Structure formats: C-alpha cells, structure tokens
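Q: what shape does this take:
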Amino acid sequence: MLIIGLTGGIGSGKTTVSNLFSNLGIQIIDTDIIAHELLNNSELVKDEIIDTFSKNVLDSDGFIDRNKLATIVFNDNYKKKRLEKILHPKIRLEVDAKIQNCHAQQPQPQYVIVVVPLLLETGFIDYLDRILVVIASEEIRTKRVQQRDNRKIEDIQLIIKSQVSDKKRTDNADDIIENNNDFNELRLQVQRLHDKYTSLPKID
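A: Numbers count the residues shown, from 1 in each chain. Take a look at the predicted model:
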C-alpha cells in the first residue's frame, strides 16, 4: 500500500483535491480534521492547552476557540512550538492508527492519501512513499481564503509568507497539481494521478 502525502499552501485547494480523490474511492487521512477532533473532544488536549496558554483560549461555552488560539501562536515561534509539542505527537498516533487500519483491510487499498498542510515543516515526511503538492498563484490563493474565511488580505499574505514557499514544496514533490480555478482540468489531473498510483507496485 502506497502512502501519498498531500500538501500545499493556504488556499491552494488541498481539500478540493482530496475530495476528488475521495470521490474515486480513495481513503483520506486528514491531519487538520484529526487536529480539530482533538481540540474539540480530547479533555487531555484541552487541559494541556489551558495549562500552557491560560483559559483565554476558551469560548463562551468552555470549548477551545481555534481562532483565539491561532492569534496567540501566529508569528510567535516559541508559542507555536509549544502548541505543536502538544498536538503533533497525538496527531501522529492517530495517523499511524488509521494507516494500520488501512493495512489490515482485505483487500488492502492500492494507496491512501494523508493530507498534511505543513508537511515539510512538521516532519511527517518520514513515512510517506510519495509527496503530492497542490500549487496555485498567490493572487488566486489570497482570493480563495478571503472568500472562505472573510480574512483581511494583509493577514492572508502574512500567513502565506510564514509558510514554506511553493518552490521548496515542489522541489520536494514527486507529483504536482496546478489548481488555478479550472475545475475540469483539476479533475483530469486527479484522475491521471489516480491511474498512475493504481498502476505503481504496492509497498508492504
């Protein structure tokens, strides 16, 4: 079973691409979803985050407010590292468990996709067989995030600049998808990669 790591910068269209693979019957392991579930459902994570960042990260209902948390750690590498130290080992355990479940399936899938937005930054690269990078122009990415999250353009540009560049991503990529708003072309690119991945030798 091949393990394909899917990554790309904010607004590149990783979710759209992973949904297209999912529509082809491919199992998707999304680390963002795992992180959300941990923040929403794990009392251990909640307690660790409150101990680290205080109760100011909670909303009026006593749940962790992801926007407040993001504001606290954004542009503060020390605080960001402290949050990563809480979340990343737990995310990794969940990913490992999901991959093992895929290995145990009969018949075993030809490949699975693990979506890791900060793939190169977080060290998830070590157990992947291939890296798939989604790219798009900065202008298009900015517009997408602005429409999706109603953020200020200046804030979006700061996030883009804080992330690894597309050049570094593509330098480490085995496969690249360009996603500049032509959905039919995007779908064809996904289909071509699906055909490619299903024809590659399985890795035990």
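Q: all strands of the protein, in order?
A: In the chain, the segments counted as strands under DSSP state E are 2-8, 28-30, 111-115, 130-135, 175-178.
Q: in a markdown table: the ones you listed, plus mean pLDDT.
A: As requested, the strands of the chain are exported to a markdown table (pLDDT from 0 to 100):
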| stretch | mean pLDDT |
| --- | --- |
| strand 2-8 | 96 |
| strand 28-30 | 97 |
| strand 111-115 | 97 |
| strand 130-135 | 97 |
| strand 175-178 | 97 |
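Q: this structure - how does it break down into domains?
A: Annotated domains of the chain cover 1-27+111-196, 33-108 [automatic domain parsing].
Q: looking at those, which is buried most?
A: Most buried of the domains of the chain by mean neighbour count (mean count of other C-beta atoms under 10 Å) is domain 1-27+111-196; its value is a mean of 17. Where C-beta positions appear, they are placed from N, C-alpha and C, glycine not excepted.
Q: any idea how far E178 lies from D32?
A: 22 Å (C-beta to C-beta, to the nearest Å).
Q: show me the longest helix that occurs in this structure.
A: helix 77-104 (DSSP state H).
Q: so that one versus strand 111-115, what angle?
A: Helix 77-104 runs at 160 degrees relative to strand 111-115, counting by axes from the mean of the first three to the mean of the last three C-alpha atoms, to 10 degrees.
Q: show me what helix 77-104 is packed against.
A: The helices and strands touching helix 77-104, judged by 3 or more C-beta pairs under 8 Å, 6 or more residues apart in numbering; DSSP states H and E, are strand 28-30, helix 31-41, helix 43-53, helix 66-73, strand 111-115.
Q: same thing but 10 Å
A: strand 2-8, strand 28-30, helix 31-41, helix 43-53, helix 66-73, strand 111-115, helix 119-122 (3 or more C-beta pairs under 10 Å, 6 or more residues apart in numbering; DSSP states H and E).
Q: can you redo these as CSV with distance to V190?
A: Conversion of these to CSV gives the following (distance: least, C-beta to C-beta, whole Å):
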stretch, distance to V190
strand 2-8, 11
strand 28-30, 12
helix 31-41, 19
helix 43-53, 33
helix 66-73, 29
strand 111-115, 10
helix 119-122, 18
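Q: of all the ones you listed, which one is nearest K14?
A: strand 2-8 (4.9 Å; C-beta to C-beta).
Q: what angle separates the closest one from helix 31-41?
A: 80 degrees.
Q: re earlier: and V133, which of the helices and strands packed on helix 77-104 is closest to it?
A: Nearest to V133 among the helices and strands packed on helix 77-104 is strand 2-8; the distance by C-beta to C-beta comes to 5.7 Å.
Q: and the angle from the closest one to strand 130-135?
A: 20 degrees.
Q: cool, thanks, talk later.
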